[in-house]
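Asks: Here is my input, please return the structure:
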Amino acid sequence: MAKTYKVEGMTCGGCASSVEQAIKTAAAQASVDVQLEGGLVTVDGVDDDDLIRQAVEDAGFTYAGTA
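Replies: Alright, predicted model coming up:
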C-alpha cells in the first residue's frame, strides 16, 4: 500500500533525487515517487513511517508527516 509524505526543503531536482535515493537506501524494496512541486513523496512497498522519517532527515530535509 502506497503512502504519501510531506517533505519540506526540496527546491530542485537534485533535492528530489537525494530524498529518493535516501529512501531506497533505507528500504531497497521501496518504490519512490517524488513530486518536487508540493513537496510530496509517495512510497510503496514500505509501511514504516519512522524508517521514512529517518531517511528523509538523514538526507537533510524536514519530514512533515503524512499527506
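Asks: I'd like the next helix or strand past the helix or strand where Lys24 lies.
Replies: Element membership for Lys24 (DSSP states H and E) is helix 13-26. Sequence-wise, the next helix or strand downstream of helix 13-26 (DSSP H and E) is strand 31-35.
Asks: Which neighbours in the sheet does that following strand have, and how are they oriented?
Replies: Partners of strand 31-35 in the sheet, by DSSP bridges, are strand 40-44 (antiparallel).
Asks: which strands and helices sit next to the helix or strand just after the strand it pairs with?
Replies: Next along the chain after strand 40-44, taking DSSP H and E as the criterion, comes helix 49-58. Helix 49-58 sits against strand 3-8, helix 13-26, strand 40-44, strand 62-66, with contacts defined as 3 or more C-beta pairs under 8 Å, 6 or more residues apart in numbering; DSSP states H and E. From N, CA and C alone the C-beta is placed, and that goes for glycine too.
Asks: Which one of these lies nearest to Val34?
Replies: Evaluated with C-beta to C-beta, these place helix 13-26 nearest to Val34, the distance being 4.1 Å.
Asks: can I get the CA coordinates of the helix holding Lys24 in CSV?
Replies: Taking C-alpha atoms only, helix 13-26 is exported to CSV below (Å, rounded to 0.1, in the frame of the first residue of the first chain):
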residue,chain,number,x,y,z
GLY,A,13,15.8,18.0,-9.0
GLY,A,14,18.9,17.3,-7.0
CYS,A,15,17.0,17.6,-3.8
ALA,A,16,14.3,15.2,-5.1
SER,A,17,16.9,12.7,-6.2
SER,A,18,18.6,12.9,-2.8
VAL,A,19,15.4,12.1,-1.0
GLU,A,20,14.5,9.3,-3.4
GLN,A,21,18.0,7.7,-3.0
ALA,A,22,17.9,8.0,0.8
ILE,A,23,14.6,6.2,1.0
LYS,A,24,15.7,3.5,-1.5
THR,A,25,18.9,3.0,0.5
ALA,A,26,16.9,2.6,3.8
